[in-house]
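Colleague: Structure for the following, please:
(chains A and B)
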Amino acid sequence: MFRFLVRRLIVALLVAATVMTLAFILTRLSGDLAISIAGPNATAADIEAVRKAYGLDRPVLEQFLDWVGRAVTGDLGNSYFFQTRVSTLIAERMPVTLTLGLTGLSLALLISIPMGILAAVRENTNFDRAVQMVALIGQAMPSFWLGLLLMIVFGLSLGWLPISGTGSWEHFVMPGIVLAFSAVPALTRLTRAGMIQAMASDYIRTARAKGLSRASILLKHALRNAAIPVVAIAAVQLGFMLGGSIVIEQVFALHGVGFLAWESIAKNDFPVVQAVVLVLAVIYVALTMVSDLLNAVLDPRLRA
Amino acid sequence: MSALLDVERLEVGFGGRTSAVRGASLTVERGETHCLVGESGCGKSVTALAIMNLLARGGHRTAQRLTFQGDDLLKLDDRGMARLRGNAMAMIFQEPMTSLNPAYTIGSQMTEVMRRHKKVSQRVAIDRAADLLGQVGITAPGLRLGQFPHQLSGGLRQRVMIAMALMCEPQLLIADEPTTALDVTVQAQILRLLAQLQRDLGLGLLLITHDLGIVARIAHRVSVMYAGEVVESAATAQLFADPKHPYTQGLLRCVPVPGKQRQDEPLGSIPGTVPRIGPGFEGCGFRDRCTFADATCAHAVPHQTAAPGHDYLCRLAP
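Modeller: Sure, this is the predicted structure:
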């Protein structure tokens, strides 16, 4: 177990290093940063001044090593646009994104696990087929479009929910649903497949032979085994949701990390862009590790 | 007093296409070891699962009589049947490697059955589990209780299955080929254990096997199944001494007997395989493989008695 953790940690660090390098290179490839920072009316002298002020005149390698050196100590630099520290900026925006991501994941699990179990218990019935159909549609539906539809129906026509901003919990309902929708199909199908497999297994026959109640057979014996891949995928899905909330934060004007990333790209605020990419990558890698750990916790065979 | 288990004319079908069991009858007395023998696919396991009402989805059972300790099992609903299973009647299976839930410890799986059926504390259940693990020959029961199935060998897992089946002191234990998946040396140990537990606890044991060597050693009574029917049933000594049904005779010829079998003589075999029989089948299921078959075998199969307690299904005279 300890060696397994160490191995995973080394891989995680390598991934983080790769992401840092890529983020740095890609922001430089987007054009001459000094020109875009100085703005359209700047003279050649202004641009030179900006280049000097931000250290863009130094060799690229030196800039990179400088950034990496600071980043590992937690210093992600200053935003060119907001004139504050990038870390402060991200820390301010993170709660919104985390709230959104966790809302989305909770909703997704609350919907997909019961649906998956019921579909498995009623395998090959109309209910099962309906669930699979919904999952298919959910998979195919672009999230921005679903977001706009919800806004039109529940925000504008019915007036039940606010359509933008982060003032109250109600603001998170629609974005949460949209985000959940992206994860529901995979989680439902995984739960269904896992339950069908588990219910056909010998240990379920044993559980029945022991005269256990139906609830105990389904929820204690079958679900426990069917849930192992579901939980693991759910952790990875949360990573997707945190990174993928850029579109939804945009649609619902939620000022989270995704919104910040979009703003910074538009304004060529490249220290922020680099930092957001790095932070999301680290979170993603961390969640993948959590997923492995959960797997090991749930499946005793992996603990050895 | 009625038999512990009384099965009369049990029929099991799967979706109207195949008849897995066609009117099989058998009884298990209290404290009796009854062996059910026959080759693969003749309906032994399905019979056992039908008695326990554990048939897979699509399986349907009917019977003229199906009683356990005098109670009609056909009248019990799922809940009523669940109250008996694991309690007064228990079952162990052919596949010890996959029959335990990989996610729970041995202790948790053993105590859960007792706590389901008896009003006992976890402490009492744990003590009983440890005691039974000792009885089935597992050393360091305390350690085993905390282990997961994957940490145990196949033989140990089957011992755990046996101990788990005994948790609620059942009257009847159905063992469906409990040793088929195990090493030969382990097979013998498990069978000795079953025979000894049966004697010590006065269990009614319905043992399904196709190993006639086992039967000769531990069975009080033998029923031979073929194509979903019990074609012959007798006390063990009687059956081995005087088999009446051509299929039973064929089965016995397939077993080498030291001293009686000559080295240069080939061991007997029954040509062909068990036919797949659909609903509406008439006559003797064995007739295509039988050397004594004639035209009458396609219609009627008389039920005959060779001696008290020795019945068989064949037109041949006793």
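Colleague: Only C-alpha atoms from now on, for both contacts and neighbour counts.
Modeller: Will do.
Colleague: And the pLDDT at the nearest residue to residue B:26 once chain neighbours are set aside?
Modeller: Closest residue to residue B:26 apart from its sequence neighbours, by Cα to Cα, 6 or more residues apart in numbering or on different chains: residue B:7 at 5.2 Å. On the pLDDT scale, residue B:7 is placed at 94.
Colleague: give me phi/psi at residue B:7?
Modeller: Torsion angles at residue B:7 (phi, psi; degrees, to the nearest 10) stand at phi -120, psi 120.
Colleague: Would you mind measuring from it to chain A?
Modeller: Residue B:7 sits 19 Å away from chain A, going by Cα to the nearest Cα, to the nearest Å.
Colleague: Isn't that residue up against residue B:67?
Modeller: Yes. Assessed by Cα atoms under 8 Å, residue B:7 is found in contact with residue B:67 at 6.6 Å.
Colleague: returning to what we had before: now for the residue nearest to residue B:26: which residues touch it?
Modeller: Applying Cα atoms under 8 Å, 6 or more residues apart in numbering or on different chains to residue B:7 gives the contacts B:24, B:25, B:26, B:27, B:63, B:64, B:65, B:66, B:67.
Colleague: where does chain A have low pLDDT?
Modeller: A:1, A:304 (pLDDT under 70).
Colleague: need the residues of it near chain B, please.
Modeller: Neighbours of chain B within chain A, by Cα under 8 Å from any Cα of the partner chain: A:201-206, A:208-213, A:221, A:224-225, A:298-301.
Colleague: one step back: can you tell me which of the contacts of residue B:7 are in strands?
Modeller: Applying DSSP state E to the contacts of residue B:7, the entries found in strands are B:24, B:25, B:26, B:27, B:65, B:66, B:67.
Colleague: on that earlier part again, can you flag the buried ones in the residues of chain A next to chain B?
Modeller: With neighbours counted using 16 or more other Cα atoms under 10 Å in any protein chain shown, the residues of chain A next to chain B contain these buried positions: A:201-206, A:208-213, A:221, A:224-225, A:298-300.
Colleague: isn't there a strand covering residue A:247?
Modeller: No. Residue A:247 is assigned helix when assessed by DSSP: H, G, I helix; E, B strand; the rest coil, not a strand.
Colleague: For it, give me its contacts.
Modeller: Contacts of residue A:247 by Cα under 8 Å, 6+ apart are A:143, A:144, A:258.
Colleague: So which residues of the chain form helices?
Modeller: No chain specified, so I'll use chain A. A:2-29, A:33-38, A:44-53, A:60-72, A:86-121, A:126-140, A:143-150, A:173-199, A:202-209, A:214-215, A:223-251, A:257-266, A:270-298 (DSSP state H).
Colleague: my question was about chain B
Modeller: Remark: helices assigned in chain B by DSSP H are B:44-52, B:78-84, B:106-117, B:122-135, B:141-145, B:154-166, B:184-201, B:212-218, B:236-241, B:246-253.
Colleague: Out of the ones you listed, which is closest to chain A?
Modeller: With Cα to the nearest Cα as the criterion, chain A lies closest to helix B:78-84 of the helices of chain B, at 4.0 Å.
Colleague: export the closest one as PDB, just CAs?
Modeller: In PDB, the C-alpha atoms belonging to helix B:78-84 read as follows (Å, rounded to 0.1, in the frame of the first residue of the first chain):
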ATOM      1  CA  ASP B  78     -40.600 -15.200  -0.700                       C
ATOM      2  CA  ARG B  79     -40.400 -13.900   2.900                       C
ATOM      3  CA  GLY B  80     -41.500 -17.100   4.400                       C
ATOM      4  CA  MET B  81     -39.000 -19.000   2.400                       C
ATOM      5  CA  ALA B  82     -36.200 -16.600   3.300                       C
ATOM      6  CA  ARG B  83     -37.000 -17.200   7.000                       C
ATOM      7  CA  LEU B  84     -36.200 -20.900   6.500                       C
END
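Colleague: what does it contact?
Modeller: By Cα under 8 Å, 6+ apart, helix B:78-84 touches A:208, A:209, A:210, A:211, A:212, A:213, B:52, B:53, B:73, B:117.
Colleague: Now for the fifth one: which residues touch it?
Modeller: When contacts are counted by Cα under 8 Å, 6+ apart, residue A:212 touches B:82, B:113, B:116.
Colleague: can those go into JSON lines with extra columns for pLDDT and neighbour count?
Modeller: Converted to JSON lines, the contacts of residue A:212 look like this (pLDDT from 0 to 100; neighbours: other Cα atoms under 10 Å in any protein chain shown):
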{"residue": "B:82", "pLDDT": "93", "neighbour count": "22"}
{"residue": "B:113", "pLDDT": "96", "neighbour count": "24"}
{"residue": "B:116", "pLDDT": "95", "neighbour count": "17"}
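Colleague: Okay, now the unreliable bits of the stretch 151-300 of chain B?
Modeller: The stretch 151-300 of chain B contains residues with pLDDT under 70 at B:258-263.
Colleague: How about the residues of it by chain A?
Modeller: Checking the stretch 151-300 of chain B against chain A by Cα under 8 Å from any Cα, the hits are residue B:165.
Colleague: Now with 10 Å, please.
Modeller: Residues of the stretch 151-300 of chain B that fall close to chain A, judged by Cα under 10 Å from any Cα of the partner chain: B:151, B:161, B:164, B:165, B:168.
Colleague: Buried among these? Make that a PyMOL selection.
Modeller: Selection of the buried residues among those in PyMOL, burial being defined by 16+ other Cα under 10 Å:
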select buried, chain B and resi 161+164+165+168
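Colleague: I'd like the distance between the residue most central in space within chain B and chain A.
Modeller: Nearest to the geometric centre of chain B sits residue B:208, at 2.9 Å (Cα atoms, centre = their mean). Separation of residue B:208 from chain A (Cα to the nearest Cα): 16 Å.
Colleague: So residue A:180 is in contact with residue A:139, correct?
Modeller: No. Residue A:180 lies out of contact with residue A:139 (Cα atoms under 10 Å); the separation is 11.1 Å.
Colleague: Give me the more crowded residue out of these two.
Modeller: Neighbours were counted for residue A:180 and for residue A:139 using other Cα atoms under 10 Å in any protein chain shown; residue A:180 has more, 29 against 16.
Colleague: who touches that one in this structure?
Modeller: By Cα atoms under 10 Å, 6 or more residues apart in numbering or on different chains, residue A:180 lies in contact with A:100-112, A:138, A:143, A:174, A:237-238, A:241.
Colleague: do residue B:43 as well
Modeller: B:12, B:19-22, B:24, B:37, B:49, B:225-230.
Colleague: Save those as a markdown table, and put in distance to residue A:33 too.
Modeller: As requested, the contacts of residue B:43 are exported to a markdown table (distance: Cα to Cα, whole Å):
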| residue | distance to residue A:33 |
| --- | --- |
| B:12 | 79 |
| B:19 | 80 |
| B:20 | 79 |
| B:21 | 82 |
| B:22 | 85 |
| B:24 | 87 |
| B:37 | 85 |
| B:49 | 75 |
| B:225 | 86 |
| B:226 | 86 |
| B:227 | 84 |
| B:228 | 83 |
| B:229 | 87 |
| B:230 | 89 |
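Colleague: Select only the buried ones of those in PyMOL?
Modeller: Per 16+ other Cα under 10 Å, the buried members of these correspond to this PyMOL selection:
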select buried, chain B and resi 12+19+20+21+22+24+37+49+225+226+227+228+229+230
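Colleague: And the contacts of residue B:43, which is closest to residue A:55?
Modeller: Closest approach to residue A:55 among the contacts of residue B:43 (Cα to Cα): residue B:49, at 79.2 Å.
Colleague: Assess the claim that that closest one and residue A:209 are in contact.
Modeller: Yes. Residue B:49 lies in contact with residue A:209 (Cα under 10 Å); the separation is 9.3 Å.
Colleague: Identify the contacts common to those two.
Modeller: Taking Cα under 10 Å, 6+ apart as the contact rule, residue B:49 and residue A:209 both touch residue B:91.
Colleague: right, so the helices of chain B: which one is the most enclosed?
Modeller: Comparing the helices of chain B by mean neighbour count (mean count of other Cα atoms under 10 Å in any protein chain shown), helix B:154-166 ranks first with a mean of 25.
Colleague: what residues do residue B:7 and residue B:67 have in common as contacts?
Modeller: B:27, B:51, B:73.
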